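*Asks:* make a model of this:
(4 chains)
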Protein chains: 2
Amino acid sequence: MPPARRSRTPSPSSSSGPADRPALHLTRFLPYRLSVLANTVSHTLAKLYEKRFGITIPEWRIIAVLGGGETMSAGEIAQRTAMDKVQVSRAISRMLESALILRESGDTDRRKALLTLTPKALAIYAEIVPMALTYEEEATDALSIDERAQLDTLLSKLQARADQLAARPAPVSAQAEPVEE
Amino acid sequence: MPPARRSRTPSPSSSSGPADRPALHLTRFLPYRLSVLANTVSHTLAKLYEKRFGITIPEWRIIAVLGGGETMSAGEIAQRTAMDKVQVSRAISRMLESALILRESGDTDRRKALLTLTPKALAIYAEIVPMALTYEEEATDALSIDERAQLDTLLSKLQARADQLAARPAPVSAQAEPVEE
DNA sequence: CCATTTTAGTTTCGTTTGAAACTGTTGCAA
DNA sequence: TTGCAACAGTTTCAAACGAAACTAAAATGG
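*Replies:* Residues are numbered from 1 along each chain as shown, chains lettered A, B, ... in the order given. The predicted model follows:
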């Protein structure tokens, strides 16, 4: 079937009629497409990581940011991985159990715990990074050099805008009023 | 700060040394970027939908595909929304409770239930679609016409490839062996 | 026909999630 | 100082999730 163009501005001339209602095709709707794509990709990688290393995506992210051997606090990890502190806290306790991470409380500030990867986790890092990069390469191997650059630009612009829109307080207009008209 | 280029192929000349290890910066890693972006967008929309209409994203998706007034089965909805049947089933039972959907069992095949939106849901549809399109417009308003076309192309290509990679059975090589060393 | 398999959808169960409450620690200000 | 607000991180609780088991109905085929 043909891609069925969306009718955002049906025609300035027409004054009414059912065709005037703006239509929405889910498969052309950006948030939907992003969600499905990100889901597909994450799910594939999650299975890969789980099968090979027995770790989850949050754990992988932590390994990714600590993989250089640095030490940082849970809060810093949260920032760098775009996860919230609850998620980080839980991932860390799993990693403590599986001896992937080392925690020692800082002496200057006993609230902050200093976290470092164990050699076991560093070994995973060494092996998982090429695996992740290979996946990324495969996912984009149908794209030209130009397209990859475009993708980079577009994702950055969209993320910046999405952050703005997320920060904006809910639009003043309609709030929990019953649907009228 | 400069975009910090990734060193995939550090230098063909060097034979060893710590700098040879492929590095990975999460913020440059496509799956991570997609996940964060999709999350930001979905979260913003979810709050919007919840505040204004008291519905969740799965419910919104169902409304979106039935919004034209069509009738279809749960399975068909699942296909069109890329949700699995469990998710659809649960969303439908919520919608039955809140009188957003009507279910009548088909006479030719009593396994399939025919689902239709109630007028209440159609009213939501009429109001939510412009809202969704406005969000989409705002999210992309920093993009040129060309860039929007590029985005469309890129998302389609990436999704197609991601689907292939997801369908592929896990790579033959390493499976659940412990990391040694 | 009856038995078996397939299909549609629901339920169950264990896990994951996110928001909010909570604990302990530090910084600040009266 | 001590009292209070801010901060780092954990726990709790209820909702949401996914995989697998389950129920019911239709299709298949012997």
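*Asks:* give me phi/psi at the closest residue in space to residue A:139 that isn't next to it in sequence?
*Replies:* Spatial nearest neighbour of residue A:139, excluding adjacent residues (C-beta to C-beta, 6 or more residues apart in numbering or on different chains): residue B:161 at 5.5 Å. C-beta coordinates here come from the backbone N, C-alpha and C atoms, glycine included. Phi and psi for residue B:161, reported as degrees, to the nearest 10, are phi -70, psi -40.
*Asks:* doesn't residue A:141 make contact with residue B:161?
*Replies:* Yes - with contacts counted by C-beta atoms under 8 Å, residue B:161 reaches residue A:141, the gap being 7.4 Å.
*Asks:* which residues touch the spatially most central residue of chain A?
*Replies:* In chain A, the centroid-proximal residue (C-alpha atoms, centre = their mean) is residue A:38; its distance is 7.2 Å. Applying C-beta atoms under 8 Å, 6 or more residues apart in numbering or on different chains to residue A:38 gives the contacts B:31, B:34-35, B:37-39.
*Asks:* now it, what are its backbone angles?
*Replies:* phi -60, psi -40.
*Asks:* got the contact list for the lowest-mean-pLDDT helix or strand in chain A?
*Replies:* Between all helices and strands in chain A, the lowest mean by mean pLDDT, DSSP states H and E belongs to strand A:101-105, at a mean of 90. With C-beta under 8 Å, 6+ apart as the test, strand A:101-105 has contacts from A:62, A:66, A:92, A:95-96, A:112-118, A:121.
*Asks:* in the residues you listed, which residue is surrounded by the most others?
*Replies:* For the contacts of strand A:101-105, the largest neighbour count, defined by other C-beta atoms under 10 Å in any protein chain shown, is 31 neighbours, found at residue A:62.
*Asks:* roughly how far does that one sit from DNA strand D?
*Replies:* Going from residue A:62 to DNA strand D by C-beta to the nearest atom of the strand, to the nearest Å gives 12 Å.
*Asks:* so that residue makes contact with residue A:96?
*Replies:* No - proximity of residue A:62 to residue A:96 does not meet the contact threshold set by C-beta under 8 Å, at 11.4 Å.
*Asks:* helices or strands next to the strand or helix carrying residue A:115 in the packing?
*Replies:* For residue A:115, the host element (DSSP states H and E) is strand A:113-117. With contacts taken as 3 or more C-beta pairs under 8 Å, 6 or more residues apart in numbering or on different chains; DSSP states H and E, strand A:113-117 sits against helix A:57-66, helix A:74-81, strand A:101-105.
*Asks:* highest mean neighbour count out of those?
*Replies:* helix A:57-66 (a mean of 23; mean count of other C-beta atoms under 10 Å in any protein chain shown).
*Asks:* show me what that helix is packed up against.
*Replies:* helix A:30-53, helix A:74-81, helix A:85-97, strand A:113-117, helix A:119-139.
*Asks:* from chain B, how far off is the residue of chain A found nearest DNA strand C?
*Replies:* For chain A, the nearest residue to DNA strand C under the criterion C-beta to the nearest atom of the strand is residue A:110, separated by 3.5 Å. From residue A:110 across to chain B, the span is 28 Å (C-beta to the nearest C-beta, to the nearest Å).
*Asks:* spell out which residues of chain A are next to DNA strand D.
*Replies:* Chain A has residues A:73-76, A:78, A:85-86, A:88-90, A:92-93, A:109, A:111-113 near DNA strand D, with proximity defined as C-beta under 7 Å from any atom of the strand.
*Asks:* okay, now the unreliable bits of chain A?
*Replies:* A:1-21, A:169-181 (pLDDT under 70).
*Asks:* which single residue of it ends up nearest chain B?
*Replies:* residue A:38 (3.6 Å; C-beta to the nearest C-beta).
*Asks:* grab the nearest non-local neighbour of that residue.
*Replies:* For residue A:38, the closest residue by C-beta to C-beta, 6+ apart turns out to be residue B:38, at 3.6 Å.
*Asks:* would you list the buried entries among the contacts of residue A:38?
*Replies:* B:31, B:34-35, B:37-39 (16 or more other C-beta atoms under 10 Å in any protein chain shown).
*Asks:* check contacts around residue A:161.
*Replies:* B:138-142.
*Asks:* whichever of the residues you listed end up buried, select them in PyMOL.
*Replies:* To isolate the buried subset of these in PyMOL, counting by 16+ other C-beta under 10 Å, use the following:
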select buried, chain B and resi 139+140
